[in-house]
Structure formats: C-alpha cells, structure tokens
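Chemist: pasting the sequence and the predicted model now:
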Amino acid sequence: MWSGYQRMFAIGVTALAVLSLTAAAQMQGQWVKLAPLPEPSEEYSFAAANGKIYLLGGNSIPGKVSPGLVQEYDPAADKWTKKKDMPIRANHMAAAEYGGKIYVFGGQELMEGGRGQIAIVKAWEYDPASDAWKALAPMPSARTAPAAVEFGGKIYVMGGNSVHPGMNLVPITPATPHRSVAANEVYDPATNRWETRQIMPTARNHAAIGAVGGKIYVLGGRVGGASLGTSSNTDLVEVYDPAADLWGVPLAKLPIPRTGMGWATHQGKIYLAGGQIYDSSIHGVYGLFEAFDPATNTWSRLPPISPPRHGVSVAAIGNRIYVIGGHIAAGPDGGEEANSNANNAFELATR
C-alpha cells in the first residue's frame, strides 16, 4: 500500500483546491456519481464516439484485466459493456475520434514471455457500430504516451517517448537510454497516409491536447524521459496552427505542473482532470479540475474530482464532463488496489 505521507499529500491537494474555489466557480456546476468502472486499471486510452465513451488497453492485471481490454460506457443508460479486445496487447496509446470511429496510435506493446514493453508504430481503427478492428498504415516513428486530436478531418499525433534516434527498439526501462520526443505526425483517414509536420517546441510525453478555434493546444505532461523518478512535470502550454504548420508563442502556464491527467474539449474550453507528481521528495496525486480558455488565455478552477487520482479517462458529452477510473496513488504506488472504479460527471450549469 502507499504510505501515509503520500495519502496526506493527495488529500492536501484536494483540500487546497476546495479552499481556493471562488463563488463563481462553485456556481458552474456539480458532480454526479454514476455506474462504477467494472474493470479498473491504470492508463486506459480513451475517446468518445456516437454519444458513448470507450476505454481501451490499460495496464494489464494477470487474471483480472486482460491486455487490450475495451470497455464501453453508455451515459444515457448509465451502463457498461465489454467490447471486442484490441488486436494487440498494448497501453499508453494515443486515441482520437473521427467520423464515429476511434483511431488508436502507438503506445507500448507487451512482448512475448514477459520480456518488457516496447514502443510501437502500429495504428488501428475501431468501428463501434460493428465492434471491429482494422489495421492502418503505421506511424512514421515508434513512440509511447503520445497525444492525439482530430482537426479538419485529419488526426495529429504529438509527442511521446522512445529510444534515441538510431537505436534499436528495445523495452524502455529506467536504465534504457531514451528521451521524450517532439514528433508531430498527421494521419489522413481518407487516404490512410501519414505526413510529418513541424516538430513541437518542447518534447514531452503524457501531455493533454485539444483543438479549439482552428488551433491545436498541447498542455502539461512530462519532459526528459519516461521514468517518473528521472523526468520532470511541465506547466507549458504551446499552440500549433495546422493551416500554417507553425507553432506560436507559449501561452498561460498550467496553474500547477503535472502529468498523467485526463482531458476533454467542450464549448471552446479544454478541461483537465487529475494528474500526479513523482520525484525524490514527493509522490502524490491531484484532485484538480481546471479549464483553459484559449480565447482569453486564462485558467479557471472548478470543484475538484474525488478521489484525487492520475491516469483518468475524460470525455465531454452533452453538458457533462465525465471523469472515469485512474489510480489514487502516484505512479505504481499502491499496486492494483489503488486502481479506482470511480465514474463521476461534472454537470455544467446551464444559463
């Protein structure tokens, strides 16, 4: 189990969030409790399609959660359904929806015989209507923990981490030479082809992403490498113009640097939920729930998620922001017992 110190940190972050709420923030909506996640795990990839939410992959738990698991949540019925497994045993993939289908890119795949996990170039299309998977053209570069977003009928896959250029692909461990990458690669579902675009100003992994007003925003994440103990959280927010293939001036920073948060875009704002910090002095998770408004380049804080956790799956449907699952301790602390089955939605106030 995680230490009392770590637990106190998580509770303290939530308390600070509650105390710092303004009256205006408290009037923005309320949390509602929904059907719990049947098979909790860390690091599900997530996307919403056709009014439903999909959790894909996640870290496997022998005998409990299989690699490549797919779970569907129907908000209208408040019901979970297990769908066809992914064709690969992978986690830390990027996922995005377009045209009612879900596109999944990269990540790290479990090697046969338990020989670790290796960054991959594989890409897949999932059709919820037929519950079927189809292999796509592979990414130009292998990477795990990237972020993806659809814009203009194309899907942009940014960041991640991998071994250094020129190295053979091997499982990434704290002892493996590797780095965060600045890759910006765009996939066209109409042609099943990839293009390479201008790289990110700041290489990072485990970042949040959103498209608003013709621009793509990359928020927070982890710089350095993949290993929690040897990398650093970042508070940087950078903006990309797909039409010009140019990155703009950095924007207002995250109020607190963090990684491993969930995100969703709704009515011109990008919502971030949860996250973690993991360094030599502090292991902790955040209950933070915040919204970034690109139009005003400002952040607002909303009532926090409970319990605090990282690796959450987030989606915006109707007037609700859904925050599902995650891990209530930093990194792997607490083991599988720290995987949360919480399924809550923040119901935005209507005016």
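Modeler: Cool, got the structure. Numbering: from 1, shown residues only.

Chemist: make it CA atoms for all contacts and neighbour counts henceforth
Modeler: OK.

Chemist: just the pLDDT for the nearest residue to K52 once chain neighbours are set aside.
Modeler: Using CA to CA, 6 or more residues apart in numbering and skipping residues adjacent in sequence, the residue nearest K52 is D74, 4.9 Å away. In this prediction, D74 carries a pLDDT score of 98.

Chemist: show me what contacts D74?
Modeler: When the contact criterion is CA atoms under 8 Å, 6 or more residues apart in numbering, the partners of D74 are 51-53, 80.

Chemist: again with K79
Modeler: K79 makes contact with 35, 73 under the criterion CA under 8 Å, 6+ apart.

Chemist: phi, psi for it please.
Modeler: Torsion angles at K79 (phi, psi; degrees, to the nearest 10) stand at phi -140, psi 140.

Chemist: partner residues bridging it?
Modeler: D74 (DSSP bridges).

Chemist: what about it, distance to L69?
Modeler: Going from K79 to L69 by CA to CA, to the nearest Å gives 17 Å.

Chemist: now do the same contact list for the residue nearest the centre of the chain.
Modeler: Taking CA atoms, centre = their mean, the centroid of the chain lies closest to G262, which sits 4.7 Å from it. The neighbourhood of G262, defined by CA under 8 Å, 6+ apart, consists of 208, 272-275, 310-314, 323.

Chemist: now it: how far from P146?
Modeler: Separation of G262 from P146 (CA to CA): 13 Å.

Chemist: and for V237?
Modeler: Counting by CA to CA, the gap between V237 and P146 amounts to 15 Å.

Chemist: who's more crowded, these two?
Modeler: Looking at V237 and P146 with other CA atoms under 10 Å, you find the greater number of neighbours at P146, namely 29 against 21.

Chemist: is it correct that the more buried one is in contact with Y156?
Modeler: No - the pair P146 and Y156 does not pass the contact test of CA atoms under 8 Å, sitting 10.1 Å apart.

Chemist: low pLDDT regions in this protein?
Modeler: Counting by pLDDT under 70, the chain shows low-confidence ranges at 1-27, 60-66, 112-115, 351.

Chemist: tell me which residues are up against stretch 194-207.
Modeler: Contacts to stretch 194-207, defined as CA under 8 Å, 6+ apart, come from residues 137, 139-140, 144-147, 158-161, 180-188, 218-226, 238, 245-247, 259-261.

Chemist: write down the beta-bridge partners of the closest residue to P128 other than its chain neighbours, one by one.
Modeler: Closest residue to P128 in three dimensions, ignoring its sequence neighbours and counting by CA to CA, 6+ apart: K101, at 6.6 Å. Counting by DSSP bridges, K101 forms beta bridges with Y98.

Chemist: and the gap between K101 and N50?
Modeler: K101 sits 9 Å away from N50, taking CA to CA as the criterion.

Chemist: strands of the stretch 251-351 of the chain, residue ranges please.
Modeler: Chain-ordered strands for the stretch 251-351 of the chain, with DSSP state E, counting those that start in this stretch as the definition, fall at 262-266, 269-273, 276-278, 283-285, 289-293, 298-301, 313-317, 320-324, 343-348.
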